[in-house]
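Enquirer: Whatever this is, show me its structure:
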Amino acid sequence: MTVYLPGLNETDLKKIIRAVHELGSGRSNAIGTVTLAVSATSTTVLDQNCAAGSAIILMPQTSDAAAAISTTYIPAATVQNGSFVVQHASNTLADRTFTYAIQG
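Expert: Numbers count the residues shown, from 1 in each chain. Model (predicted):
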C-alpha cells in the first residue's frame, strides 16, 4: 500500500499526477508493523514518517494483539519526530503484533 513519491525536482507532470492520485486513493508510505516487547510495559517505534503531533492508529494483526488492545495506547507526549512509544501491559506473549498508520 505504498505510494509513488516523486523527487522534489520532478518535472514530469504524469508522475506528479500519479502520486496525487495514489494519495487520494488512500495509499501511504506512513505505515508499519510493531510487535510489543515481551515482559515490558512500553515499546519504542522508530519511524522517519512520525512527527511531533502525528496521530498514530494501531490495528491488531494477531489474536493476542486483539486481546491486548484495551491496555495498549500511545500517549500524545511520546509522539516525537522520528519515533513514538506504545504503552501496554507486561506480558510474556511474543506475538502481539500491530500494523500502524501515521497521520499528520
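Enquirer: which residue ranges form the strands in the protein?
Expert: In the chain, the strands defined using DSSP state E lie at 31-35, 42-46, 55-60, 83-87, 97-103.
Enquirer: Strand partners (parallel or antiparallel) of the longest one?
Expert: Same thing as strand 97-103. strand 31-35 (antiparallel), strand 55-60 (antiparallel) (DSSP bridges).
Enquirer: Report the inter-axis angle for that strand versus strand 42-46.
Expert: 50 degrees (axes from the mean of the first three to the mean of the last three CA atoms, to 10 degrees).
Enquirer: Let me know the average pLDDT across strand 97-103.
Expert: Regarding strand 97-103, the rounded mean pLDDT is 95.
Enquirer: re the thing from before, out of the strands paired with strand 97-103, which comes closest to residue 71?
Expert: Closest of the strands paired with strand 97-103 to residue 71 is strand 55-60, at 12.0 Å (criterion: CB to CB). C-beta here means a position set from N, CA and C on the backbone, and glycine is covered the same way.
Enquirer: ok, and what's touching the closest one?
Expert: 50, 66, 68-69, 72, 74, 79, 84, 86, 96-104 (CB atoms under 8 Å, 6 or more residues apart in numbering).
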